[in-house]
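Asker: below is the structure, and that's it, no one-letter string:
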């Protein structure tokens, strides 16, 4: 099939027939990858089937964050990470790489499907759908005494191996330390020499023997996420434009000295200022 | 239109874009020290368009991809106009449709000015996973839902879609040379971040 013509046809079809759902064909090597052994949470849930997962944990992940996260199992990444993992990813969001799309993976549960594992030499494997050259792979495990009811924090992890490879094989022999009960093996694949992108994985493993009781303060203090202030009452006619304000069609505002009239009802947002959104604001 | 549907190829279709697509990367093969921020993976040489503006390969890739991505977003939000049960969800969906439709027109204009095709060649992004996509399976599943169940599934789908847009925008901000494109990327980052926060609040998760 001529993929280029199909793509062009898709664009034309979108313009001409609004009811057609435009779905672009992707190249055969789609996405990048995730840990397959021990399987990451996203890999496990994808294999269960996004539309009807089997495990309670995967069902909860879909309920919390939707199915797209699982269809895009090989893309739990930050395009511009550039090594700044702890700066970009808050405690409690390590499994999702701080991406709201993948927030279902952050659920602190004791029933994530887990691979039985023992201490000692283990082969860790990545399923790389796009096996890029030049990668630094860092593997961590949760510390002894960690409880799976605690949202995963950077301080819960200890590094167990790191490889810098110009032509990665995506399989490594790693010495896994002794642990008891449920733990997480966490990996970071940082690309270099051509990309700042990094991939992140949480793999649940079970050494047997049980975990300690959860900490008294089981829930880590979440890093504040920007939450919009409550929608305000309609502003005074002719007042200055403000973000997070509900504007009805016909509302008048000023912005940088110019007057605008609302042409599409909306709650205003940063990035949707009147000069930049002719679809929302008519300059009058 | 079955010839457009490659459901199998699209399962797992994901956000692809690595800055550096089609452009020579830096020659330094030494991995950075842990925690150090890499310099932009590529700030490719800029070309001057007939109208005097400058653009580089990152600008072109961002624009081509974002036009396609916007198209998918528009199709997603159109579903809400008749199916959503919440008035707030409908209002947001309509505003997203209006703003993204306008952005598509703007970006398409840049591609014409730069004399670049509306879409990238099919194999140009093979190295990093192709185009972002929402498969027909997911769209069908969403259409089968009603009431509050539809609203929640719709919001989850749109959050995922806009989260991908934010990643693409940040790659453009890091590597683009064209001020209009990097300016739009910054506004996409801001507005979609705010949209996601708003949608998480609607889901009771914000």
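Answerer: Received, thanks. Computed from a predicted structure; not experimentally measured.

Asker: next, count neighbours for the one residue in the stretch 51-200 of chain A that gets nearest to chain B.
Answerer: Checking the stretch 51-200 of chain A residue by residue against chain B with CB to the nearest CB singles out residue A:66 as nearest, at 2.7 Å. In this view, the C-beta of every residue, glycine as well, is placed from N, C-alpha and C. Other residues near residue A:66 come to 28 when the count uses other CB atoms under 10 Å in any protein chain shown.

Asker: Three-state assignment for residue A:201, please.
Answerer: Residue A:201 carries the three-state label strand when classified by DSSP: H, G, I helix; E, B strand; the rest coil.

Asker: how about the spatially most central residue of chain B: what's its closest non-neighbour residue?
Answerer: For chain B, the residue lying nearest the average C-alpha position, counting by CA atoms, centre = their mean, turns out to be residue B:165 (3.5 Å). Taking CB to CB, 6 or more residues apart in numbering or on different chains, and ignoring the residues beside it in sequence, residue B:165 has residue B:192 as its nearest neighbour in space, at 5.1 Å.

Asker: helices and strands of the chain: which one has the lowest mean pLDDT?
Answerer: All of this is about chain A. Least confident helix or strand of chain A, by mean pLDDT, DSSP states H and E, is helix A:3-16 with a mean of 49.

Asker: please refer instead to chain B.
Answerer: Taking all helices and strands of chain B together, the one with the lowest average confidence (mean pLDDT, DSSP H and E) is helix B:7-10, at a mean of 37.

Asker: state the next helix or strand along the chain beyond that helix.
Answerer: Read in the C-terminal direction, the helix or strand following helix B:7-10 is strand B:47-48, with elements assigned using DSSP states H and E.

Asker: before we move on, the earlier item: list the contacts of the residue nearest to the centre of chain B.
Answerer: Listed by CB atoms under 8 Å, 6 or more residues apart in numbering or on different chains, the contact partners of residue B:165 are B:66, B:69, B:73, B:188, B:192.

Asker: need the per-residue pLDDT for residue B:34.
Answerer: Among the per-residue scores, residue B:34 shows a pLDDT of 44.

Asker: swap in residue B:42?
Answerer: Among the per-residue scores, residue B:42 holds a pLDDT of 51.

Asker: same question for residue A:184.
Answerer: Model confidence at residue A:184, expressed as pLDDT, equals 98.

Asker: before we move on, the earlier item: mind checking which of the contacts of residue B:165 are in strands?
Answerer: Here DSSP state E is the test, and the contacts of residue B:165 give no hits in strands at all.

Asker: Serialize the residues you listed to CSV and add fields for neighbour count.
Answerer: Listed next are those as CSV, based on neighbours: other CB atoms under 10 Å in any protein chain shown:
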residue, neighbour count
B:66, 25
B:69, 26
B:73, 26
B:188, 26
B:192, 26
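
Asker: between those residues, which is closest to residue A:184?
Answerer: residue B:192 (29.6 Å; CB to CB).

Asker: re earlier: tell me the one of the contacts of residue B:165 nearest residue A:91?
Answerer: Proximity of these to residue A:91, judged by CB to CB, is greatest for residue B:192, which lies at 23.7 Å.

Asker: you'd agree that closest one is up against residue B:167?
Answerer: No: in this structure residue B:192 lies outside contact range of residue B:167 using CB atoms under 8 Å: 9.9 Å.

Asker: residue A:187: how many residues sit nearby?
Answerer: The burial count assigned to residue A:187 is 21, neighbours taken as other CB under 10 Å.

Asker: quick check: beta-bridge partners of it?
Answerer: Under DSSP bridges, the beta-bridge partners of residue A:187 are residue A:139, residue A:201.

Asker: ok, now which ones touch residue A:212?
Answerer: A:145, A:147, A:181.

Asker: let me fix that: residue B:100
Answerer: B:70, B:73-74, B:77.

Asker: let me know the closest of those residues to chain A.
Answerer: Top of the list for closeness to chain A, among the contacts of residue B:100 and by CB to the nearest CB, is residue B:74 at 7.8 Å.

Asker: show me where pLDDT drops low in the chain?
Answerer: Went with chain A since none was named. Counting by pLDDT under 70, the low-confidence segments of chain A come to A:1-31, A:214-238.

Asker: wrong one, chain B
Answerer: Low-confidence segments of chain B, defined by pLDDT under 70, span residues B:1-43, B:122-134.

Asker: related to what we said a few turns ago, turn the contacts of residue B:100 into a markdown table, columns for distance to chain A.
Answerer: Rendered in a markdown table, the data for those read as follows (distance: CB to the nearest CB, whole Å):
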| residue | distance to chain A |
| --- | --- |
| B:70 | 10 |
| B:73 | 10 |
| B:74 | 8 |
| B:77 | 12 |
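
Asker: between those residues, which is closest to residue A:211?
Answerer: residue B:73 (42.2 Å).

Asker: which ones are touching the residue nearest to residue B:165?
Answerer: A:271, B:162-163, B:165-166, B:169.

Asker: pick out the most distant pair among those residues.
Answerer: A:271 and B:163 (14.8 Å).

Asker: tell me how many other residues crowd residue A:89.
Answerer: 22.

Asker: returning to what we had before: helices or strands up against the next helix or strand after the least confident helix or strand of chain A?
Answerer: Tracing the chain past helix A:3-16, the next element assigned as helix or strand by DSSP H and E is strand A:33-37. In terms of contact count using 3 or more CB pairs under 8 Å, 6 or more residues apart in numbering or on different chains; DSSP states H and E, strand A:33-37 is assigned the packing partners helix A:41-48, strand A:120-128, strand A:182-191, strand A:198-206.
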